[in-house]
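In: structure, please.
(chains A, B, C and D)
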2 protein chains.
Amino acid sequence: MVAPKSSPPRHALETREILLEAAGRIFARKGFRAATVRRITREAGVNLAAVNYHFHDKRELYTSALKHAHQAAARTAAADVAGTPEKRLLLFIQGFLGYLLDPHRPAWQGRLIAREIAEPTRALDRLVEESVLPVKKRIAGIVRDLLESRASEARVRMACCSIMGQCLFYVHCREMISRLFPEHRHKPEDIDVLAGHIFSFSQAGLAAMRRQSVAGQKKSASVRRRNTKTKKPHE
Amino acid sequence: MVAPKSSPPRHALETREILLEAAGRIFARKGFRAATVRRITREAGVNLAAVNYHFHDKRELYTSALKHAHQAAARTAAADVAGTPEKRLLLFIQGFLGYLLDPHRPAWQGRLIAREIAEPTRALDRLVEESVLPVKKRIAGIVRDLLESRASEARVRMACCSIMGQCLFYVHCREMISRLFPEHRHKPEDIDVLAGHIFSFSQAGLAAMRRQSVAGQKKSASVRRRNTKTKKPHE
DNA sequence: TATGTTTTCAAACGTTTGTTTGAAACAGGC
DNA sequence: GCCTGTTTCAAACAAACGTTTGAAAACATA
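Out: A predicted model of the protein is given here:
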């Protein structure tokens, strides 16, 4: 019942981290509800009561594992803010996809986060605020640069969703993909091919939006007045 | 224990369908594990044991609700195979997005299917075979037409994933989207705007792939011989 | 009305769940 | 050695779960 107070000995730290690792792995595979603390502790090789000693309860074990995962993931995802917008877009997609799919890293980290996004618990708010919001700001900045600031916030939003949606599809729908396309595999070299595809696909999509935006401005300057609405800075 | 044999009276049919409706709603909201039969029967206004009378157990209630949902959804999704590929792509995206998001239909149907895709149970195989595979064949045909048969199967697959990924993003990540973009709403008219965006974005992406394919063929005709591999009919 | 079948119902069943408990094992300072 | 605080452990707890049961109710066909 008593929480660890001062500097805990080495053993305590070990079981705590072993528990976090196993918990993340199993929560990612089964979800919060279907994962049992008995299964987690058995797989971690620690006693059942360790969950309630090191964390208060199952819920806090989950939120800790989630935090652990997205901190570890954030550490690897470097944010390159230099270079042309095209280069930054490619780097973003490569990093985002790798962070979600790269089997070199513990695969459960990206899956755990993706699962929390698809099936939110109370922990989603903190996850969004600490981890997703910076990513969104980064991709929104790149998109804004590529659209040359001509587009409304709504169009920037839709473009961001198109890019992130293409990446997250491979995580959320992985089981369906393996049934629809049995030949599809998630090898590291395939991730690069995938990132290259999503990059050029999105680059072309953004270029089309830019052209549309220019054409729309020309048209609306004389005829419509609704476009002034789409230009609101924070719509 | 005895299953209903001959034509069941009116009341029986009613409770069965009421149960299916409530089950679909709650399974879609909570997932298979977190949804309890007590909650479902309470919300349906029927007795607890009705689940085991009309369906054998919770699992079959789930698979029945899933089947019920994607049959109802498939009925509304008409397959237009006429017109130009561009027209068919727009119709596909509008239909797919509406089928997933349109709040005029019971919203839980699309969500239940999306959830099963993201977090599969044993029922996924039948769902894929009966419901997703036809959709995949349809979009793959459209993509093939738009790429003018120049691209390998791997490129067709990636293009399909890009299009479906953009659509499914709004279902799987709806909770995150509402936190990232508080101004985003799912009104019926917004779905049309969204479909229009995904259409032109994808159209441009496909056009770029077509150009790449042409450029790649020119280059590879003299240098590489690996492209003959990517042309296999069923790779 | 009488009879056989189908459907509902309250109650209980056996598991599994997350959580708690109190004692044992371990560590470091004296 | 002893003492103090920390960590582990086997065992048990209460609550919630899916499922079963046997009788009552509703219904259909005579």
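
In: what residue ranges in chain A score low on pLDDT?
Out: A:1-13, A:75-80, A:149-150, A:216-235 (pLDDT under 70).

In: buried residues, the longest helix along it. List them.
Out: Assignment by DSSP state H gives helix A:188-222 as the longest helix of chain A. Neighbour-count burial for helix A:188-222 flags A:191, A:194-195, A:197-210, A:212-213, A:216 (criterion: 16 or more other C-beta atoms under 10 Å in any protein chain shown). (C-beta placed from N, C-alpha, C; glycine too.)

In: before we move on, what about stretch A:99-110?
Out: Buried positions in stretch A:99-110, judged by neighbour count with 16+ other C-beta under 10 Å: A:Y99, A:L100, A:L101, A:D102, A:P106, A:A107, A:W108, A:Q109, A:G110.

In: gap between the two ends of it?
Out: From its first residue to its last, stretch A:99-110 covers 6 Å (C-alpha to C-alpha, to the nearest Å).

In: run the chain-centre distance for the helix or strand hosting A:P134.
Out: When elements are assigned from DSSP states H and E, A:P134 belongs to helix A:133-146. Computed by C-alpha atoms, centre = their mean, to the nearest Å, the chain-centroid distance of helix A:133-146 equals 14 Å.

In: just the angle for that helix relative to helix A:188-222, thanks.
Out: Here helix A:133-146 points in a direction 60 degrees away from that of helix A:188-222 (axes from the mean of the first three to the mean of the last three C-alpha atoms, to 10 degrees).

In: do you know how far A:A73 is from A:P106?
Out: According to C-beta to C-beta, to the nearest Å, A:A73 stands 10 Å off from A:P106.

In: meant to ask about A:A50
Out: From A:A50 across to A:P106, the span is 21 Å (C-beta to C-beta).

In: kindly report the same for A:I163.
Out: Distance from A:I163 to A:P106, counting by C-beta to C-beta: 25 Å.

In: same deal with A:E189?
Out: From A:E189 over to A:P106 (counting by C-beta to C-beta), the distance is 20 Å.

In: give me the phi and psi for the one residue in chain A that gets nearest to DNA strand C.
Out: Residue of chain A nearest DNA strand C, by C-beta to the nearest atom of the strand: A:D57 (2.9 Å). Dihedral pair for A:D57: phi -150, psi -180, per degrees, to the nearest 10.

In: circling back to that earlier point, just confirm yes or no for the longest helix of chain A near chain B.
Out: Yes. Helix A:188-222 is in contact with chain B by C-beta under 8 Å from any C-beta of the partner chain, via A:193-194, A:197-198, A:200-209, A:212.

In: among these, which pair sits farthest apart?
Out: A:V193 and A:Q212 (28.9 Å; C-beta to C-beta).

In: surely A:Y62 and A:I26 touch.
Out: No. A:Y62 is beyond contact range of A:I26, at 10.3 Å (criterion: C-beta atoms under 8 Å).

In: for chain A, just list every one of the helices.
Out: All helices of chain A, identified by DSSP H, fall at A:10-30, A:37-44, A:50-54, A:58-76, A:85-101, A:108-118, A:124-127, A:133-146, A:153-172, A:174-180, A:188-222, A:227-230.

In: still on that earlier bit, keep only the buried residues of helix A:188-222 that also lie close to DNA strand C.
Out: With C-beta under 7 Å from any atom of the strand as the criterion, the buried residues of helix A:188-222 include none near DNA strand C.

In: wait, what's in contact with A:L100?
Out: Residues near A:L100 by C-beta atoms under 8 Å, 6 or more residues apart in numbering or on different chains: A:G110, A:A114, A:C167, A:L168, A:Y170, A:V171.

In: give me the number of residues near the second one?
Out: With neighbours defined by other C-beta atoms under 10 Å in any protein chain shown, the count for A:A114 comes to 22.

In: separation between it and A:V143?
Out: 21 Å.

In: now swap in the third one and tell me
Out: Taken as C-beta to C-beta, the spacing of A:C167 relative to A:V143 amounts to 14 Å.

In: A:S200 reaches B:R210, doesn't it?
Out: No. The criterion here is C-beta under 8 Å, and A:S200 misses it with B:R210 at 11.4 Å.

In: quick revisit: would JSON lines of the contacts of A:L100 with distance to B:A22 be doable?
Out: Formatted as JSON lines, these follow (distance: C-beta to C-beta, whole Å):
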{"residue": "A:G110", "distance to B:A22": "34"}
{"residue": "A:A114", "distance to B:A22": "29"}
{"residue": "A:C167", "distance to B:A22": "35"}
{"residue": "A:L168", "distance to B:A22": "30"}
{"residue": "A:Y170", "distance to B:A22": "34"}
{"residue": "A:V171", "distance to B:A22": "31"}
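
In: name the nearest of these relative to A:A159.
Out: Nearest to A:A159 among these, with distances taken as C-beta to C-beta, is A:C167, at 13.4 Å.

In: got phi/psi on A:R33?
Out: Backbone torsions of A:R33, given as degrees, to the nearest 10, read phi -70, psi -40.

In: I'd assumed B:T36 was in contact with it.
Out: No. Contact criterion C-beta under 8 Å: A:R33 and B:T36 do not qualify, at 10.5 Å.

In: the two: which is more packed in?
Out: A count of neighbours by other C-beta under 10 Å puts A:R33 above the other of A:R33 and B:T36, at 16 against 12.

In: ok, that one to A:T121 distance?
Out: 9 Å.

In: ok, A:V135 to A:L194 distance?
Out: Distance of A:V135 to A:L194, computed by C-beta to C-beta: 18 Å.

In: OK, contacts around A:A65?
Out: A:L20, A:A23, A:G24, A:F27, A:L112.

In: which of the residues you listed has the largest number of neighbours?
Out: Within the contacts of A:A65, A:A23 tops the neighbour count with 29 neighbours, counted by other C-beta under 10 Å.
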